[in-house]
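Chemist: the following block contains a protein sequence and its predicted model.
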Amino acid sequence: MNFDKELENKVKETESIIKEYLPKEDGWAKTVMEAMNYSVNVGGKRLRPVLMAETYRLFGGTDKVIEPFMAAIEMIHTYSLVHDDLPAMDNDEYRRGKKTTWVVYGDAMAILAGDGLLNYAFETALKSFEMSDSDTGKKAKALSILAKKAGIYGMIGGQTADIEAENLGSQATQEHLLFIHEHKTAALIQAAMMVGAVLAGADETQICLVEKAAYEIGVAFQIQDDILDVTSNLETLGKPVGSDAKNQKTTYVTLKGIEDASQEQRELSDHAIELLESLAEEGYQNEFLIELIRSLITRIK
């Protein structure tokens, strides 16, 4: 398997699915739709919808019912970035090498674009009920997971703890930091993989295993983000580096140092892979999914 080529193809396929579900830019609300589409179309790794699709395939899923959920989770992820970049939050002017939404459209329209993407994500996921590809029970359960992992018990909860962690300095603890990473970053990765598993018909034990693996993948992913914020540059990363130091945020790097943070990241990723590979005993394998997770350890952007 040529992983890089296959990843490129899968990202392109995912891009086309997402664009199919974006709103049409017309009417009196045209500006907010333009801002929503701009935010999504600036690019990105599309990690969450790809993980969703590959977990769906891992458990034998083949239908198009996964597609509105793929678009929905990318919309939710994008809305969180739009709001995260705002002056009241991280005050970042670049995202993926391009001007952030608030810089292009202003604060007010960026807030509305984020709100619009969150609401439109659920409109999009609900379109799955118009399809005859799987039973409504699976779709309802998938929606419930998506809502919870994106909400106050998931990503928004993590964002809250992240904001309140600013300026804590030496008072910040690893427990506090793990809560932030679990909820701010890992929750949507859990949602992506769990939704894929649910829609493909995985049982409760398998879904719990996927949730655990996705937690470890998400925390490892965020640790690598913390490392890159210190070691990378704007040209490579596509967004300003040093944001954490600028905002006086405690990260795994400030708490443990780069070497220990890197070691913990590798351990988490390796264990997540072990969990997913254990499913082979039940006949469930996806070599690309395993290689995708491995690639997150060494990513440079």
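Modeler: Yep, it's here.
Chemist: CA only for contacts and neighbour counts going forward, please
Modeler: Noted.
Chemist: show me the contacts for residue 156.
Modeler: 150, 183-184 (Cα atoms under 8 Å, 6 or more residues apart in numbering).
Chemist: would you quantify the distance from it to residue 215?
Modeler: Distance, residue 156 to residue 215, using Cα to Cα, to the nearest Å: 16 Å.
Chemist: and the longest helix for the protein?
Modeler: As assigned by DSSP state H, the longest helix anywhere in the chain is helix 204-231.
Chemist: who are the packing partners of it?
Modeler: Other elements packing on helix 204-231 under the criterion 3 or more Cα pairs under 8 Å, 6 or more residues apart in numbering; DSSP states H and E are helix 187-200, helix 243-246, helix 252-256, helix 258-277, helix 287-298.
Chemist: one more time with 6 Å
Modeler: For helix 204-231, the contact count by 3 or more Cα pairs under 6 Å, 6 or more residues apart in numbering; DSSP states H and E identifies helix 187-200, helix 258-277 as packing neighbours.
Chemist: residues contacting the shortest one, please?
Modeler: Contact partners of helix 187-200, identified using Cα atoms under 6 Å, 6 or more residues apart in numbering, comprise 48, 51-52, 55-56, 59, 61, 138, 142, 146, 149, 154-155, 211, 214.
Chemist: filter those down to the ones in helices?
Modeler: Per DSSP H, helices hold the following members of those: 48, 51-52, 55-56, 138, 142, 146, 149, 155, 211, 214.
Chemist: now, which of the residues you listed sits nearest residue 67?
Modeler: Using Cα to Cα, residue 52 comes nearest to residue 67 of those, at 9.4 Å.
Chemist: show the model's pLDDT score for residue 20.
Modeler: Predicted confidence (pLDDT) at residue 20: the value is 96.
Chemist: correction: the previous question concerned residue 252.
Modeler: Residue 252 carries a pLDDT value of 79.
Chemist: show me what contacts it?
Modeler: With Cα under 6 Å, 6+ apart, residue 252 has these contacts: residue 261.
Chemist: need phi/psi at the spatially closest residue to residue 201 that is not a sequence neighbour.
Modeler: The shortest distance from residue 201 to any non-neighbouring residue, by Cα to Cα, 6 or more residues apart in numbering, is to residue 59 (7.2 Å). Main-chain torsions, residue 59, degrees, to the nearest 10: phi -100, psi 20.
Chemist: relative to residue 9, how far out is residue 59?
Modeler: Distance, residue 59 to residue 9, using Cα to Cα: 21 Å.
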